[in-house]
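predicted model and sequence follow; I will ask about them next.
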Amino acid sequence: MDRSRRNFFLGAGAVTVGAAALTAAPPAEAATSRTGDPAHRWAMVVDVRKCVGCQACTVACIHENHVPDNAFRTIVSTYEVTENGKAGSYMLPRLCNHCEDAPCLPVCPTGATFQRADGIVVVDNSVCVGCAYCVQACPYDARFINHATQTADKCTFCVHRVDAGLLPACVETCVGGARIFGDLKDPDSTVVRLLKAENPKVLKPEQGTQPRVFYVGLDPRFDGKVDGTPTLWKPAARTHGEKEHV
C-alpha cells in the first residue's frame, strides 16, 4: 500500500465517516494507545536532496504537538559547507529514529518509554518522572525534557494522526516532498520501494540501533552530525548560536 500524501490509508476503512473522523486525537491522548497494530512497521524516508530547509516541518510539528519554546521534536539542522573554495548549505532533517533496538527503552525506570507493536516509540507522560535517563541515552539528540510537563518528550511520528489514518504533520506539510512515511511490512509501499532503489543510509550506523528513519542522498560526512544549529529559523528569539562550519 502506497503511503504518499493523498492516498495514505486509501481504502483501508480508517477514515470513512466524514470530516469528524479526520480529526486526530490530541497529543495528550497518544500515550493511551499503547499497543499498535503488529501488521505494520512504520518508518520514514528522508530525501535530503529535496529538503530546502524551509522549516515547515518544524512549525507544523510545534503546532500539532504543542511543543514548547526552545524545544523541538523535529527540525532541519543547517550546515555551512566550504568545498573547493565555494560555500554552500547542507540540510539535515532530524527527528526520533524509532529504532528497532532503541537505547532509550532499557534505561527508563518506570516503563514510560515503550515501543508499540508497530514500531513507534512513545512516552507515557502520566508515568514519566522526568529523570532524563532516556534523553542521555539517545545518541541522536532527539529527546528533551518538556519544561511545561516536566516529562520526556520526542517525535512520535504523530502517533495520534497515524492511528486516525493520517500522515504525520511534518510529512503532510513538507513542501519539497522530502519526507515519505510508510509501512515496511507492505512490499508495495513507497518507503519499501525507496529502500530497494536508493540504498538509503541511517544516522550514526555504528551505534547498532537499527533506526527506522532512513536518508536518501546523505553525505557520509553528516551521518554523525546530530547537533547542528538551525540558521533559517529558530524556535524562539532567545535561542542562540551561529552556523556550524564543516
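Structure received. Numbers count the residues shown, from 1 in each chain.

the one helix or strand residue 161 maps to: what's the following helix or strand?
Secondary structure assigned from DSSP states H and E places residue 161 in helix 159-163. Toward the C-terminus, helix 159-163 is succeeded by helix 169-173 as the next helix or strand (DSSP H and E).

distance from the centroid: which residue in the chain tops it?
Distance from the centre of the chain peaks at residue 85, with 34.0 Å (Cα atoms, centre = their mean).

center of this protein - which residue?
Mean-position check on the chain, Cα atoms, centre = their mean. Result residue 95 at 3.6 Å.

for it, give me its contacts.
Under the criterion of Cβ atoms under 8 Å, 6 or more residues apart in numbering, the neighbours of residue 95 are 44, 73, 74, 142, 155, 170, 213. Every C-beta, even on glycine, is put in place using the N, C-alpha and C of the backbone.

now residue 158
Counted by Cβ under 8 Å, 6+ apart, residue 158 has contacts 24, 61, 64, 65, 166, 167, 168, 169, 170.

switch to 6 Å and redo it
168, 169 (Cβ atoms under 6 Å, 6 or more residues apart in numbering).

returning to that earlier point: can you put the contacts of residue 95 in CSV and add pLDDT?
Shown next, in CSV, are those (pLDDT from 0 to 100):
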residue, pLDDT
44, 98
73, 97
74, 97
142, 96
155, 98
170, 98
213, 98
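
is residue 106 in a helix, a strand, or coil?
helix (DSSP: H, G, I helix; E, B strand; the rest coil).

tell me how many other residues crowd it.
Residue 106 has 11 neighbours, counted by other Cβ atoms under 10 Å.

against residue 115, how distant is it?
Remark: distance between residue 106 and residue 115 (Cβ to Cβ, to the nearest Å) = 11 Å.

and residue 192, by the same measure?
Counting by Cβ to Cβ - residue 192 and residue 115 are separated by 20 Å.

equivalent analysis for residue 194, please.
23 Å.

one step back: nearest to residue 181, of the contacts of residue 95?
Among the contacts of residue 95, residue 44 lies closest to residue 181 (Cβ to Cβ), at 5.1 Å.

thought residue 213 was touching the closest one, still the case?
Yes - between residue 44 and residue 213 there is a contact under Cβ atoms under 6 Å: 4.9 Å.

what are the ranges of the strands in this protein?
Using DSSP state E, the strands of the chain run over residues 42-47, 75-83, 86-94, 113-115, 121-123, 143-146, 151-154, 179-183, 213-216, 244-245.

for the second one, packing partners?
Other elements packing on strand 75-83 under the criterion 3 or more Cβ pairs under 6 Å, 6 or more residues apart in numbering; DSSP states H and E are strand 86-94.

measure how far the strand it packs on is from the centre of its chain, please.
Distance of strand 86-94 from the chain centroid (Cα atoms, centre = their mean, to the nearest Å) equals 19 Å.

over to stretch 64-71?
Worked out by Cα atoms, centre = their mean, stretch 64-71 lies 14 Å from the chain centre.

which residues belonging to it are considered buried?
Buried residues in stretch 64-71, counted by 16 or more other Cβ atoms under 10 Å: 64, 65, 67, 71.

show the end-to-end separation of that stretch, please.
Stretch 64-71 has an end-to-end distance of 14 Å (Cα to Cα, to the nearest Å).

quick check: mean pLDDT of that stretch?
Average pLDDT, stretch 64-71: 94.
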